[in-house]
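Peer 1: Predicted model and sequence follow; I will ask about them next.
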Amino acid sequence: MSKFDFPPSIKSRPVYGTLTAREGNGHLFIADAHGAEAILDVATPEMMANAHIIYIPRGESFGDKLRALNPAQYYEGPSYAASVTRIQRVLQDAKMGLQVYLTGTEGLMGQAQNEAMQAGIPHTAIQTEHRGSVARRMQCVHCKGITEDVETDPFVCSHCGLNLFVRDHYSRRLAAYQGVCIDAEDPGNVPAAKGIYE
């Protein structure tokens, strides 16, 4: 079960679609973990002839299946941070008509979309499809630190130690949700943690 139907929320929260094959002179696929399944669902031999796949496994084993698609270029990185310079270079060298496909976790899609937009890729050429974990990339509004893979609400900021409320407010610039101190007015009064979507 790698697909999840997100409940309705505020306008700043990203909405994800389903990847569809589009005409283009190049196809850049950036995925992590179960995002590979979305690539496998949409890939055609014609697309793969001009495709560059950048995949971050995060403990999943889809690499062999992705390589079997015979993309023009394939890269497998250990983390987003280790792969970002390659992503930036591919976007820097992109020609007009490049189609960008982002799939997997929200953290990966948000960061990669930010890179694509900074490189001048129009938002109409960027598709997203969520697959896998619903963990969030959170920014503490107090110390500005980023905590990756937050699955519970509230959670403890990994930088300053504050108990933070998981909000749906999303910053596209930071590719992160915002967390606010939950016990600022009554220190120590913190509700029991539960899953974000429970």
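Peer 2: That came through fine.

Peer 1: Surely E148 touches R137?
Peer 2: Yes - under the criterion of C-beta atoms under 8 Å, E148 makes contact with R137 at 5.6 Å. The way it works is simple: take the backbone N, C-alpha and C, and place the C-beta from them, glycine included.

Peer 1: What residues does A36 make contact with?
Peer 2: Neighbour list for A36: 55, 60, 62-63, 65-66, 103-104 [criterion: C-beta atoms under 8 Å, 6 or more residues apart in numbering].

Peer 1: now those as a markdown table including secondary structure?
Peer 2: Written out in a markdown table, the entries for the contacts of A36 read as follows (DSSP: H, G, I helix; E, B strand; the rest coil):
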| residue | secondary structure |
| --- | --- |
| Y55 | strand |
| E60 | coil |
| F62 | coil |
| G63 | helix |
| K65 | helix |
| L66 | helix |
| T103 | strand |
| G104 | strand |
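
Peer 1: Least confident of these?
Peer 2: Ranked by pLDDT, the contacts of A36 bottom out at E60, which has 93.

Peer 1: what about the helices in this structure?
Peer 2: Counting by DSSP state H, the segments of the chain that form helices are 35-42, 45-48, 63-67, 80-92, 106-118.

Peer 1: could you dump the ones you listed to a markdown table with distance to L162?
Peer 2: As requested, the helices of the chain are exported to a markdown table (distance: least, C-beta to C-beta, whole Å):
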| stretch | distance to L162 |
| --- | --- |
| helix 35-42 | 31 |
| helix 45-48 | 46 |
| helix 63-67 | 38 |
| helix 80-92 | 24 |
| helix 106-118 | 21 |
